[in-house]
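*Asks:* Sequence plus predicted model, see below.
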Amino acid sequence: MSSVFALQSWHFYFCANPMFKTIRISILLFILAAVLVASYRSKTRVVEWKYTLPVLIYPINGDGSAAAEEAIRQLKVEDFQPIEKFMRDAAASYGKSEQTSIEIRLKNILQVRPPAPPEEQDALKVMWWSLKFRWWAFRHARVQGSGEQVRLFVQYFDPNTSQSHRSTALREGLIGQVNGFAGTKMRAQNNIVIAHEFLHTLGATDKYEMANNLPVFPEGYGEPDRQPLYPQRYAEIMGGRLLLSAQDAVIPRNFAEVVMGRKTAEEINFISKNVNE
């Protein structure tokens, strides 16, 4: 009993004493600073492009359907290699070396779904979801080995019974969840969505209006200097859609209709921001 009392007394003294309180706060601030520095360093290293960047794909049955299960069973790493080619071609177009590349790795199927992002853009809800998503990724897909690795959790849905779901990604943690449709005919468009979310993890921003999903001029246009401006022949990867007119846009069919614009290239360090036009 006396030992318990002594422990309680020590705990009370430790918590109430101003000096120990200052030490405790200092330790917490040091840990927070270390986490922030590590996070910042990770975000900068990943776009230094000194080494090939691994991109890990984790398939998930998003709706429990037989169609999604069959699509996942048939997946091969070669199905995602058009994403690698798109990145290599974009890098080459901006004068980057052959080392500016990514490597897609198809990982094990996950039986649990990540926490869905909130429907409304409430800052506190988004922050709370971000923490939950990062914890979920740590529990179910812990990074093995050293160096930065991007983890993308690709959920497949039956196109005959499911509507489209919003995909999202976080630069903090280098993670993203992508929602696509099952079936070989959908692979090309799924890959465009995967590439879009992957670029978010590197710091690329959306270049379309949230209200109507139309690309923003000029950053979201594949050919902002084209005359006449419409129809556009290419979609900008972060603009998301191919403009047929000022108010009419379609989802590109494959990477042959997609380019990476200058603003996106700057954001992921394919080109320096102070390079003259």
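*Replies:* Yep, that arrived.

*Asks:* Would you map the helices across this protein?
*Replies:* Listed in chain order, the helices found in the chain under DSSP state H are 2-16, 18-45, 66-73, 81-93, 123-140, 187-201, 262-267.

*Asks:* Nearest the geometric middle of the protein, what residue?
*Replies:* Nearest residue to the geometric centre of the chain (C-alpha atoms, centre = their mean): residue 169, 3.3 Å.

*Asks:* do you know how far residue 193 is from residue 167?
*Replies:* 6 Å (C-beta to C-beta, to the nearest Å). (Each C-beta comes from the backbone N, C-alpha and C, glycine too.)

*Asks:* correction: residue 188
*Replies:* From residue 188 to residue 167 the distance is 16 Å (C-beta to C-beta).

*Asks:* Same drill for these two, tell me which one is more crowded.
*Replies:* residue 167 (20 against 16; other C-beta atoms under 10 Å).

*Asks:* Was I right to think the more buried one contacts residue 196?
*Replies:* Yes - using C-beta atoms under 8 Å, residue 167 is in contact with residue 196, at 7.5 Å.

*Asks:* Report how many residues lie close to residue 212.
*Replies:* 8.

*Asks:* just residue 105 next, same as before
*Replies:* Taking other C-beta under 10 Å as the neighbour definition, residue 105 ends up with a count of 14.

*Asks:* residues in contact with it?
*Replies:* Residue 105 sits next to 54, 55, 56, 57, 77 when contact means C-beta atoms under 8 Å, 6 or more residues apart in numbering.

*Asks:* Bridge partners for it, pull those for me.
*Replies:* residue 56 (DSSP bridges).

*Asks:* mind checking how far it is from residue 55?
*Replies:* 7 Å.

*Asks:* From what I see, residue 265 and residue 259 are in contact.
*Replies:* No - using C-beta under 8 Å, residue 265 is not in contact with residue 259; the gap is 10.0 Å.
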